[in-house]
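Undergrad: Here is my input; please provide its structure:
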Amino acid sequence: MRKLSSAAAKGAATVLLASTAIAVSGIANAQAAPLGAKIATTAKGQIGAGPCGLNGKGSYWGRGTAQTGSCGPRGTEAHAWCADFVGWVWWKNGVGGNMKKLDNLASSFTKYGKMHSKPKVGDAILYNLGPDGYQNDHVAIVVTIRGSEITVVGGNQGRPGSVSTHKWKSYKVGTRLPSGQTISGYVTPVAR
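TA: The predicted structure is shown next:
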């Protein structure tokens, strides 16, 4: 058996460490993608539901949050419930992080995580945030991205408010949409 020279041994160790680092970062990216896909599937599965979604047998709100729920007396909406819907979908898919920071306001998602400008499937998309973080705000979930086009699913959209889908030609922050809303940014959920 031949002994490896010191330089050859160091080179082999460097290659091993580099391949391990690539494998570990690949695992982290692989784990993020399935969470987003699960969130998108859950959101799309609720299309058409009203504030008492869940087949009329429950209320949207994320357990472990400060949300109070979407369903009011006799099947009416308790309040604007877009944030309750996104919180519920994230909770159903085991999202971790600062879930307790979420409340009934769409702007509470900026307390959960930092807003950014490049969406990923499963992200919360925020609209119409004013300088103080409030102002006719709305939140939904990014379910597909194709080039610069995105599709979102959100609660309390349309008239009457229900879980519905919208397709936007641009995901860029600041884009004014046909709905009259302006994209403010995106917040990414954290896996447990």
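Undergrad: dump the residue contacts of the residue sitting nearest the centre point of the chain.
TA: The centre of the chain sits closest to residue 123, judged by Cα atoms, centre = their mean, with a distance of 2.5 Å. The neighbourhood of residue 123, defined by Cβ atoms under 8 Å, 6 or more residues apart in numbering, consists of 36, 141-142, 186-189. For every residue, glycine as well, the C-beta is placed using N, CA and C.
Undergrad: Try it again at 7 Å.
TA: Neighbour list for residue 123: 142, 186-188 [criterion: Cβ atoms under 7 Å, 6 or more residues apart in numbering].
Undergrad: quick one: which of the residues you listed sit in strands?
TA: 142, 186-187 (DSSP state E).
Undergrad: in the protein, which spans are helices?
TA: Taking DSSP state H as the criterion, the chain contains helices spanning 6-44, 53-56, 82-92, 109-112.
Undergrad: which residues of this protein score low on pLDDT?
TA: Along the chain, segments meeting pLDDT under 70 span 1-32, 54-56, 132-136.
Undergrad: Tell me how many other residues surround residue 34.
TA: Burial of residue 34 is recorded as 12 neighbouring residues (other Cβ atoms under 10 Å).
Undergrad: Can you tell me how far it is from residue 66?
TA: Taking Cβ to Cβ, to the nearest Å as the measure, residue 34 falls 28 Å from residue 66.
Undergrad: and the nearest residue to residue 97 once chain neighbours are set aside, what does it touch?
TA: Once flanking residues are discounted, residue 97 sits nearest to residue 190: 3.5 Å by Cβ to Cβ, 6 or more residues apart in numbering. By Cβ under 7 Å, 6+ apart, the contact set of residue 190 is 95-97.
Undergrad: In space, what's closest to residue 37 - neighbours in sequence excluded?
TA: In space, and not counting its chain neighbours, residue 37 is closest to residue 121: 6.3 Å by Cβ to Cβ, 6+ apart.
Undergrad: What residues does that neighbour make contact with?
TA: Residue 121 is in contact with 36-37, 40, 142-145, counting by Cβ under 7 Å, 6+ apart.
Undergrad: so which of these comes closest to residue 161?
TA: residue 143 (18.4 Å; Cβ to Cβ).
Undergrad: number of nearby residues for the closest one?
TA: Neighbourhood size, residue 143 [other Cβ under 10 Å]: 24.
Undergrad: if I look at the closest residue to it other than its chain neighbours, how far off is residue 181?
TA: Distances taken as Cβ to Cβ, 6+ apart place residue 40 nearest to residue 143, at 4.0 Å, with adjacent residues excluded. As for residue 40, its distance to residue 181 is 20 Å (criterion: Cβ to Cβ).
Undergrad: Equivalent analysis for residue 45, please.
TA: Between residue 45 and residue 181 the distance is 24 Å, computed by Cβ to Cβ.
Undergrad: And the two? Which one has more around it.
TA: Using other Cβ under 10 Å as the criterion, residue 45 and residue 181 rank with residue 181 on top: 19 against 14.
Undergrad: Okay then, goodbye and thanks.
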